[in-house]
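Enquirer: Here is my input; please provide its structure:
(one chain, ligands or ions: 1)
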Amino acid sequence: MKESTIYNCTIFTLPKTHNRAGNITALNNSIDLPFDVRRVYYLYDIPGGEVRGGHAHKELQQLIVAVSGSFDVTLDDGHNKKTVTLNRPNFGLHVIPGIWRDLSNFSSGAVCLVLASHVYDENDYIRDYHQFKEGK
Ligand code: TYD
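Expert: Predicted structure coming up:
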């Protein structure tokens, strides 16, 4: 597994097929993605000023995509932080395990697509920031 630092959370440029009628981005396991996808979910109708996330994962990897609109993802590995603005449907932020993340500054109508490496498991979450820091 990759070391859990924010520097190992990288932006993937996703394939985009363009023609005069618009664009399509298709994502295939083992070809276009850094892990095999077992779950897809998306956040939408997010009220202005709201913050999502506020947790880390023990094992889960995610690729976060702004399929519509824009938002910021702040990553924290317990030592360093960085904020990434996502605003294009063909860029995906790979978030590895052991990284605290907050999602904020959602634009009106933003849709946050998340591709995840595992099915939902509440036991994989670290929701207490002090507990997260103690593990670093
Ligand atoms: P959570 O992951 O805390 O949301 P976010 O990071 O977007 O702020 O999940 C919010 C709620 O949704 C929580 O009660 C669990 C539920 N949930 C599922 O049932 N399945 C899922 O795949 C996800 C991501 C969340």
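Enquirer: List the buried residues in stretch 100-110.
Expert: By neighbour count, with 16 or more other Cβ atoms under 10 Å as the criterion, the buried positions of stretch 100-110 are 100-103, 105-106, 110. Where you see a C-beta, it was placed from the backbone N, CA and C, and this is true even at glycine.
Enquirer: same check, this time on stretch 69-88
Expert: Buried, per 16+ other Cβ under 10 Å, within stretch 69-88: 69-78, 84, 86, 88.
Enquirer: Does the ligand have contacts with that stretch?
Expert: No - judged by Cβ under 6 Å from any ligand atom, stretch 69-88 stays clear of the ligand, getting no closer than 10.9 Å.
Enquirer: Neighbours of Ile96, how many?
Expert: Counted by other Cβ atoms under 10 Å, the residues lying close to Ile96 total 23.
Enquirer: Give me the pLDDT value at it.
Expert: pLDDT, Ile96: 98.
Enquirer: wait, doesn't it sit right on Ser4?
Expert: Yes - here Ile96 reaches Ser4: they are 6.1 Å apart, a contact under Cβ atoms under 8 Å.
Enquirer: now, among the buried residues of stretch 100-110, which is nearest to the ligand?
Expert: The shortest gap between the ligand and any of the buried residues of stretch 100-110 belongs to Leu103, at 7.0 Å (Cβ to the nearest ligand atom).
Enquirer: Name the next helix or strand downstream of whichever strand or helix holds that closest one, please.
Expert: For Leu103, the element it lies in under DSSP states H and E is strand 100-104. Sequence order places strand 111-116 as the next helix or strand after strand 100-104, per DSSP H and E.
Enquirer: which neighbours does that next one have in its sheet, and in what orientation?
Expert: As defined by DSSP bridges, the strand partners of strand 111-116 come to strand 39-43 (antiparallel), strand 62-68 (antiparallel).
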